[in-house]
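Asks: below are the sequence and a predicted model for it; my questions follow.
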Amino acid sequence: MPEFKSKKEELEFNKNEDFMKLQVSKLKTHLNKIELGGGPKKIESQHKKGKLTARERIDYLIDKGCRTIELGAFAGFDMYAEYGGCPAGGVVIVIAYVGGTQCLIVANDATVKAGAWFPITGKKNLRAQEIAMENNLPIIYLVDSAGVFLPMQDEIFPDKEHFGRIFRNNAVMSSMGITQIAAVMGSCVAGGAYLPIMSDESLIVDKTGTIFLAGSYLVKAAVGEAIDNETLGGATTHCEISGVCDYKAKDDKDCLDKIRFLMDKIGSKDKAGFNRKKASEPKENPDDILGIFPENRSKPYEVRDIIKRLVDNSEFEEYKELYGKSIVCAYARIEGWAVGIVANQRELVKTKKGEMQFGGVIYNDSADKAARFIMNCNQKKIPLVFLQDVTGFMVGSKSEHSGIIKDGAKLVNAVANSVVPKFTIVMGNSYGAGNYAMCGKAYDPRLIVGWPTAQIAVMGGSQAAQTLLQIEVAALKSRGEEITEEKQAELLKTIEDRYYKQTSPYYAAARLWLDAIIHPNDTRKWISMGIEAANNKPIEKPFNAGVLQT
């Protein structure tokens, strides 16, 4: 625990810590429920068929005791209520190690609607393939899916970023030399049958795995042939007759053992060459973050105190420390990896002219400083870490006359054109164009995660609610309705509730705007494993910022 200057400061720390622990507890409760997939009865049914669940398959496959990170656990959270929900989007995706090789594992969860693909399932699978392609990561598919969820077929089947894009990516990854191994451990039907066979190697489990373009019922209806599913497309058929599959496994564990044997033989590839030295733990206690980060979304705090608890030895060197103070730019190491950190500063700061700057706002000088720092990191091949707690760019005549749009554009340009890998941690606020400038999802971070305190929106809740209220009241008055103070208060409450729900990190993670919601203490692991993944793919083009107004 840090040293406190006063009793008031200690009480504030304890209050913040209690609030963050409550949010972390809420996070764990949600995750525990999500990990049950379709529920205990569906898990029991899976076991009765002699099959492991998706999570059990992953646990058995990966190297014992290895570190893992799960992507998109909250995909589909609080969505599809009319269909009974879709925990984790019906698919479990992790970055882990198999045979000592870092890889992506994609496992259909057959306890959730028989592993059928909802729209969010497609989006989540595409995100996994995107990560594999960005980082040259081998990808293992554990297939157990009934195919497209028919009631929503129009939202998953025909468009560019829908189901068919998966198979297009299979082909592209193969041409890139990215290893793809697919194991058919249950149903694999219709268009989904192409995924394992477009992978480099495929396995199928005897008696439980089946692959066919049309099942026995559809075959009977279409061509009048009476045949059972096992004879039509089981392991014996595809390993002895059609030659569709490469390996036949007697059960789930045998199949996973074979995958581990195959992964153990993969050769190394060229690396990006990011700088890494021996890792060191922070000297300052990372647990202190829980008390440092404020419960109050507008209360000032010193972001350097957060950085000290994230970086090796709590050491960092600031770039232009005395200039552009509403963004902190610094070089440091995280688990041995060299990083460039770009962090919003919510502490009120005083300029050389004696003016106070609002915390969490990006000013002209800060935007210019951050842009130059990002260019330097690209020049020196140093991965970038963005710590977001931003309310946007400064507004008003003074900022406009000083060219805030021009300076903001310079920062956005530098972020957009960066060729080094970028990693974004949304700690608190992520509002408006500040989200873009600090490498929000639209700017291709390799990984983007949020703490339980994250909020993503066009603007803060109170400002947005008042703006929306004015629009609603004007619309009602135009229809001749009388708006009393009580009616206005009721409208405001409804608007606030709806808006705050949409700014929640769970709302963002459900739609994969965030790859995960994490405990703040897991931040180092996510960044380190992310850079390790990124190091598998050399940088293919030089940094070019294009046209910049100065």
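Replies: Received the coordinates, thanks.

Asks: what's the neighbour count on residue 490?
Replies: 11 (other CB atoms under 10 Å). All C-beta spots, glycine's among them, are computed from the backbone N, C-alpha and C.

Asks: with residue 44 instead?
Replies: Applying other CB under 10 Å, I find that residue 44 has 10 neighbouring residues.

Asks: which SS state does it fall under?
Replies: helix (DSSP: H, G, I helix; E, B strand; the rest coil).

Asks: residues in contact with it?
Replies: Residue 44 makes no contacts at all, as judged by CB atoms under 8 Å, 6 or more residues apart in numbering.

Asks: that one and residue 50, how far apart?
Replies: As judged by CB to CB, to the nearest Å, residue 44 and residue 50 stand 12 Å apart.

Asks: same check on residue 174?
Replies: 32 Å.

Asks: swap in residue 292?
Replies: On the measure of CB to CB, residue 292 and residue 50 end up 50 Å apart.

Asks: and if you look at residue 94?
Replies: Counting by CB to CB, the gap from residue 94 to residue 50 is 24 Å.

Asks: okay, those two: which has more neighbours?
Replies: Just comparing residue 94 and residue 50: by other CB under 10 Å the higher neighbour count belongs to residue 94, 22 against 11.

Asks: output the contacting helices and strands for the helix or strand where the more buried one lies.
Replies: Using DSSP states H and E, residue 94 falls within strand 91-98. If contacts are counted by 3 or more CB pairs under 8 Å, 6 or more residues apart in numbering; DSSP states H and E, strand 91-98 sits against helix 54-61, strand 69-71, strand 101-108, helix 119-135, helix 252-263.

Asks: one more pass at 6 Å, please.
Replies: helix 54-61, strand 69-71, strand 101-108, helix 119-135 (3 or more CB pairs under 6 Å, 6 or more residues apart in numbering; DSSP states H and E).

Asks: any low-confidence regions in this protein?
Replies: For the chain, applying pLDDT under 70 flags the ranges 191, 349-358, 461-462, 464-465, 549-550.

Asks: picking that back up, okay if I get the helices and strands packed on strand 91-98 as TSV plus mean neighbour count and distance to residue 151?
Replies: Listed next are these as TSV, based on neighbours: other CB atoms under 10 Å; distance: least, CB to CB, whole Å:
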stretch	mean neighbour count	distance to residue 151
helix 54-61	21	22
strand 69-71	21	26
strand 101-108	23	18
helix 119-135	21	11
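
Asks: and these: which comes nearest residue 179?
Replies: Closest to residue 179 of the helices and strands packed on strand 91-98, according to CB to CB: strand 101-108, at 7.9 Å.

Asks: measure residue 369 to residue 488 for me?
Replies: Between residue 369 and residue 488 the computed distance is 43 Å (CB to CB).

Asks: give me the more crowded residue out of the two.
Replies: Shown here are residue 369 and residue 488; by other CB under 10 Å, residue 369 has more neighbours (24 against 14).

Asks: for stretch 1-13, C-alpha coordinates in PDB please.
Replies: What follows is stretch 1-13, C-alpha atoms only, in PDB (Å, rounded to 0.1, in the frame of the first residue of the first chain):
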ATOM      1  CA  MET A   1       0.000   0.000   0.000                       C
ATOM      2  CA  PRO A   2       1.400   3.400  -0.900                       C
ATOM      3  CA  GLU A   3       2.300   6.000   1.700                       C
ATOM      4  CA  PHE A   4      -0.500   8.500   2.400                       C
ATOM      5  CA  LYS A   5      -0.200  12.200   3.000                       C
ATOM      6  CA  SER A   6      -3.400  12.400   5.000                       C
ATOM      7  CA  LYS A   7      -6.100  10.400   6.500                       C
ATOM      8  CA  LYS A   8      -8.500  11.700   3.800                       C
ATOM      9  CA  GLU A   9      -6.200  10.300   1.100                       C
ATOM     10  CA  GLU A  10      -6.100   6.900   2.800                       C
ATOM     11  CA  LEU A  11      -9.900   6.800   3.100                       C
ATOM     12  CA  GLU A  12     -10.200   7.700  -0.600                       C
ATOM     13  CA  PHE A  13      -7.800   4.900  -1.500                       C
END
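
Asks: which positions in it come out as buried?
Replies: Buried residues in stretch 1-13, counted by 16 or more other CB atoms under 10 Å: 12, 13.

Asks: what comes into contact with that stretch?
Replies: If you take CB atoms under 6 Å, 6 or more residues apart in numbering as the criterion, stretch 1-13 is touched by 288, 291.

Asks: now do the helices in the stretch 301-450 of the chain.
Replies: 303-307, 364-379, 397-401, 404-417, 432-437 (DSSP state H, counting those that start in this stretch).

Asks: any chance you could list what contacts the longest one?
Replies: Applying CB under 6 Å, 6+ apart, the set of residues contacting helix 364-379 from outside is 319-320, 323-324, 326-327, 329, 340, 342, 384, 402, 404, 407-408, 410-411, 414, 418-420, 543.

Asks: now the residues you listed: which count as buried?
Replies: Listed as buried from those are 319-320, 324, 326-327, 329, 340, 342, 384, 404, 407-408, 410-411, 414, 418, 420, 543; burial here means 16+ other CB under 10 Å.

Asks: what about the strands in the stretch 201-350 of the chain?
Replies: 201-205, 210-212, 247-249, 316-318, 327-334, 337-344, 349-350 (DSSP state E, counting those that start in this stretch).

Asks: now the first one, how far from the chain's geometric center?
Replies: Meaning strand 201-205. 29 Å (CA atoms, centre = their mean, to the nearest Å).

Asks: within the sheet, what are the partner strands of it, with directions?
Replies: strand 180-189 (parallel), strand 247-249 (parallel) (DSSP bridges).

Asks: what angle do it and helix 252-263 make?
Replies: Interaxial angle, strand 201-205 versus helix 252-263 (axes from the mean of the first three to the mean of the last three CA atoms, to 10 degrees): 170 degrees.

Asks: then the fifth one?
Replies: Interaxial angle, strand 327-334 versus helix 252-263 (the same axes, to 10 degrees): 90 degrees.
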